[in-house]
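A.B. asks: Just the structure for this:
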Amino acid sequence: MTPQATLEKLPSLELRNFGNIFSNVTRDAKSRAVGGEKLTNAKFDIIDFVMRRFLLVSILCFPLVGAECSFVANREDFLQRQSRAVQSVYHRTLQAKLTPKTAIAASDAPRRNFIDSEIFRKLELSNVPAAELSNDAEFLRRISLDLTGRLPTPSEIRAFLGDSAPNKRDAAIDKLLDSAAFIDKWTMWFGDLLENCSFPALFDRREDGRNAYNSWIKKSVTEKKPIRQMAFDLVTATGNHYDAEAGATNFPITGKTSMGPAQDTYDNMLVKASTYFLGMAQYDCLLCHNGRGHLDQINLWGARRTRLEAQQMAAFFSRLNMPSKNVPTTDFYYFSYDVSDKTSGTYDLNTNSGNRPDRPPVGTLKNLTPVYRTGETASEDWRTSFGRRVWRDRMFARNFANRLWREMFGMGLVEPFDMLDPDRLDPANPPPEPWTLQASHPELFEKLTDSFIESDYSLRDFLRLLVQSNAYQMSSRYDAPWKPEYVTLFARHYPRRMMAEEIHDAIALATGVRGNYPVKNLKTPATLAMEFAEPGEPRTDGNVATFLNMFLRGNRDSQPRSQELSILQRLNIMNDQFVTNRLKVATAPGLQAVAKITDNATLVDEMFLLFLSRSPSDSELETARGMLTAAKTTAERNAAIEDLAWVCVNKAEFLFSY
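C.D. replies: As a prediction, this is how the structure comes out:
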């Protein structure tokens, strides 16, 4: 058997697992090269040849475990995803090291909308106290970070604290929703969701494709395009994936799957679409085998589905055509793909190679045409038909309601957030025992879904609904007994460790020392990390990239973002030159402005507002004033200011939106 034939016979799980391990090496080699000298096509071929041979040797030399199914191979990993999400949130509430604040009876918590009614009602029934509302300084820091990824400035904080208008929180929310910083933050969010990166494991999008995709996403957020329209445009896009106006074509090419037949690409397209848009990653399982015997313990809907049904869904993409552009290496479109649709074609059950198990005929059925999961057949162009059905599917609204809730509240109403179970979500039609409804608050989840639909799938309107609720505006500080089993009740606001990009930008903006990061094939350098088109940047500054990577920003491919804390993160905040070089009065305009303040108490207050978005406590003020008073010369005073800035950045709360 030839090496290629051997690879084609290997089970999909092992191919994916080993592919993830070695694709990182390949991607790193390509990324470094593209950041410096331009690789020739021959050099790319050498990299691919070596890595694929390495992949083959590794698979052949090591025993395979759970070859047929990723669930069988990683049963505990699947079964414990929800409990791990709960534990992660629980530990973050402890790691933020916030001073406790008196909790109140849930019956006394003020209600503003149906979110509050549902959250506080369940707390009452569970006899669990609720946190008090956050104070104004806490609220402004939280809402600024959550909506824009930026800290409020000292002047913004003082103006907000001094405002006596009863609707000032709503006004602050509206201002942030209409800001340029909001666009940058949510362009980043959609980029994460859609996995926009230059060099994913299965194909090369390259920087020009990544830039076009990022530009399309940013334009969509700027123009307030409904999320339903974004999804439809992504599913049905045609054109060249390097062109900014056709940037949505980067979604279809995300499904490209090498080393297998065309059906592998159709399958991968469905996996991406169902995961991004429906929150139903279980299709990745169903496209290899029936759900029964594999999904029985984790997904009732999936356990009832067959591989044939999943393949009929994948058939919506079986006329997708994505040839590479045949142009000279010097042409702008070299290494790009043209996305279009063929006029004929079916999903054929005739494969015995590739990244998934063989696809034999089912009885006399050899060629599949599209059937949506709810039973409808294609009534027009197949991708267009899927695009219309996917956003009209109630699972689409449920998915985004849950993802956006998770972003604002720190945990989904359903976890795992990408394994929604259609048969366990409707409180009016509960599942048979021993199954239970999947959402922690089933009625609330359905009301949120309805509200998202009624808003015409508006990102800003739905976020406004969430953050105007008192459930969102509760304090993270909580002095009642706190247990992991309380996490799904949302008795308090859950701190989140800031994203890597937010940490970078908080330090850059507070000190006034922005970056200058050229990005390949973009005319304007990035100055803030939230402007990056992907987490791999800045490729032109390895030190900054390493600092950002310490905060687990992922790669939008094999490594997801994480909010986990580590000793290395603490050490980098203490010692990394990205931080220490910016905390020098001589080079930081922000600190120079602080140094001009002659009154020590006012200076300390400014410093705390600048980095921590709050005034110092009495003990903090006394200690900081002592540091400044002891300074006898300008140099000593500047050194004390730098030390004070370092202390603020290294306080545990600096790293959190709380």
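
A.B. asks: Show me the shaky parts of the stretch 1-150 of the chain.
C.D. replies: 1-68 (pLDDT under 70).

A.B. asks: let's go with 50 and repeat that
C.D. replies: 1-67 (pLDDT under 50).

A.B. asks: swap in the chain?
C.D. replies: 1-67.

A.B. asks: in its sheet, what does the longest strand along it sit against?
C.D. replies: For the chain, the longest strand by residue count, based on DSSP state E, is strand 338-341. Paired strands of strand 338-341, with direction, are strand 239-240 (antiparallel), strand 320-321 (antiparallel) (DSSP bridges).

A.B. asks: neighbouring contacts of the last one?
C.D. replies: Pointing back at strand 320-321 there. Residues outside strand 320-321 that contact it (CB atoms under 8 Å, 6 or more residues apart in numbering) are 252, 255, 265-266, 269, 338-342, 383. Quick note: C-beta positions are derived from backbone N, CA and C, even for glycine.

A.B. asks: Tell me the gap between whichever helix or strand Ile115 is part of and the middle of its chain.
C.D. replies: Counting by DSSP states H and E, the element that carries Ile115 is helix 114-126. When C-alpha coordinates are averaged (CA atoms, centre = their mean, to the nearest Å), helix 114-126 and its chain have centres 28 Å apart.

A.B. asks: Which secondary structure elements does the next helix-or-strand element following that helix sit against?
C.D. replies: Later in the chain than helix 114-126, the nearest helix or strand by DSSP H and E is strand 130-131. On a contact count with 3 or more CB pairs under 8 Å, 6 or more residues apart in numbering; DSSP states H and E, strand 130-131 meets strand 103-104.

A.B. asks: What is the strand it packs on packed up against?
C.D. replies: Short answer (3+ CB pairs under 8 Å, 6+ apart): strand 103-104 packs on strand 130-131.

A.B. asks: ok so, going back, send me the helix holding Ile115 as PDB with only the CA atoms.
C.D. replies: The C-alpha trace of helix 114-126 is given here as PDB (Å, rounded to 0.1, in the frame of the first residue of the first chain):
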ATOM      1  CA  PHE A 114     -38.000  39.700  32.100                       C
ATOM      2  CA  ILE A 115     -34.300  38.700  32.600                       C
ATOM      3  CA  ASP A 116     -34.400  40.000  36.100                       C
ATOM      4  CA  SER A 117     -37.800  38.300  36.800                       C
ATOM      5  CA  GLU A 118     -36.500  34.900  35.700                       C
ATOM      6  CA  ILE A 119     -33.000  35.100  37.400                       C
ATOM      7  CA  PHE A 120     -34.200  36.400  40.700                       C
ATOM      8  CA  ARG A 121     -37.300  34.100  40.800                       C
ATOM      9  CA  LYS A 122     -35.000  31.100  40.500                       C
ATOM     10  CA  LEU A 123     -32.700  32.500  43.200                       C
ATOM     11  CA  GLU A 124     -35.700  32.900  45.500                       C
ATOM     12  CA  LEU A 125     -36.900  29.300  44.900                       C
ATOM     13  CA  SER A 126     -33.400  28.100  45.500                       C
END
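
A.B. asks: tell me which residues in it are buried?
C.D. replies: Residues of helix 114-126 classed as buried: 114-124 (neighbour count, 16 or more other CB atoms under 10 Å).

A.B. asks: Who are the packing partners of that helix?
C.D. replies: helix 442-454, helix 470-473.

A.B. asks: mind redoing it with 10 Å?
C.D. replies: Judged by 3 or more CB pairs under 10 Å, 6 or more residues apart in numbering; DSSP states H and E, helix 114-126 is in contact with strand 130-131, helix 394-409, helix 442-454, helix 459-468, helix 470-473.

A.B. asks: What lies in contact with that helix?
C.D. replies: Contact with helix 114-126 is made by 105-111, 128-130, 405, 409, 413, 440-445, 447-448, 450-451, 465-466, 468-474, 485-486, 488-491, as judged by CB atoms under 10 Å, 6 or more residues apart in numbering.

A.B. asks: ok, 7 Å please
C.D. replies: The contact list for helix 114-126 (CB atoms under 7 Å, 6 or more residues apart in numbering) reads 106-107, 109, 111, 130, 441, 443-444, 447, 469-471, 489-491.

A.B. asks: Just the buried ones among those, please.
C.D. replies: Buried members of these, scored by 16+ other CB under 10 Å, are 106, 109, 130, 441, 443-444, 447, 469-471, 489-491.

A.B. asks: Of the residues you listed, which is the nearest to Phe332?
C.D. replies: Ser469 (48.4 Å; CB to CB).

A.B. asks: surely that closest one meets Asn113?
C.D. replies: Yes - contact criterion CB atoms under 7 Å: Ser469 and Asn113 qualify, at 5.5 Å.

A.B. asks: Identify the residues contacting Phe452.
C.D. replies: Contacts of Phe452 (CB under 7 Å, 6+ apart): 397, 400-401, 462.

A.B. asks: So among those residues, which ones count as buried?
C.D. replies: Using 16+ other CB under 10 Å, the buried ones in the contacts of Phe452 are 397, 400-401, 462.

A.B. asks: Columns distance to Glu195 on top of the residues you listed, output as JSON lines?
C.D. replies: Formatted as JSON lines, the buried ones among the contacts of Phe452 follow (distance: CB to CB, whole Å):
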{"residue": "Ala397", "distance to Glu195": "22"}
{"residue": "Phe400", "distance to Glu195": "16"}
{"residue": "Ala401", "distance to Glu195": "21"}
{"residue": "Phe462", "distance to Glu195": "22"}
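
A.B. asks: Max pairwise distance over those: which two?
C.D. replies: Ala397 and Phe462 (9.7 Å).

A.B. asks: list the contacts for Val513?
C.D. replies: 582, 587-588.

A.B. asks: Most neighbours among those residues, which one is it?
C.D. replies: Ala588 (23 neighbours; other CB atoms under 10 Å).

A.B. asks: what's around the residue nearest to it when sequence neighbours are not counted, how many residues?
C.D. replies: Of all residues beyond its chain neighbours, the one nearest Ala588 is Thr511 (4.0 Å), with distances taken as CB to CB, 6 or more residues apart in numbering. Per other CB under 10 Å, the neighbour tally for Thr511 reads 25.

A.B. asks: next one: Asn399
C.D. replies: 25.

A.B. asks: Does it touch Gly279 like I think?
C.D. replies: Yes - Asn399 lies in contact with Gly279 (CB under 7 Å); the separation is 3.5 Å.

A.B. asks: ok, which pair from the contacts of helix 114-126 is furthest apart?
C.D. replies: By the measure CB to CB, Ser107 and Lys447 form the most distant pair in the contacts of helix 114-126, at 20.8 Å.

A.B. asks: quick one: the spatially closest residue to Arg614 that is not a sequence neighbour and Ile298, what's the gap?
C.D. replies: Leaving out its chain neighbours, the residue that sits closest to Arg614 by CB to CB, 6+ apart is Ala137, at 4.7 Å. Note on Ala137: its distance to Ile298, by CB to CB, to the nearest Å, is 43 Å.

A.B. asks: What of Ala593?
C.D. replies: From Ala593 to Ile298 the distance is 55 Å (CB to CB).

A.B. asks: Those two: who's more crowded?
C.D. replies: Between Ala593 and Ile298, counted using other CB under 10 Å, the more crowded position is Ile298 (20 against 14).

A.B. asks: tell me, how many neighbours does the nearest residue to Ser318 once chain neighbours are set aside end up with?
C.D. replies: Nearest residue to Ser318 in three dimensions, chain neighbours excluded: Tyr347, at 4.3 Å (CB to CB, 6+ apart). Using other CB under 10 Å, Tyr347 has 23 neighbouring residues.

A.B. asks: can you pull up the bridge partners for Tyr347?
C.D. replies: Bridge pairing for Tyr347 - DSSP bridges - gives Leu368.

A.B. asks: Can I get the strands paired with strand 338-341 in CSV including mean neighbour count and distance to Pro226?
C.D. replies: Shown next, in CSV, are the strands paired with strand 338-341 (neighbours: other CB atoms under 10 Å; distance: least, CB to CB, whole Å):
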stretch, mean neighbour count, distance to Pro226
strand 239-240, 18, 21
strand 320-321, 18, 24
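
A.B. asks: and Gly209, which of those strands is closest to it?
C.D. replies: Smallest distance to Gly209 across the strands paired with strand 338-341 (CB to CB): 9.1 Å, for strand 239-240.
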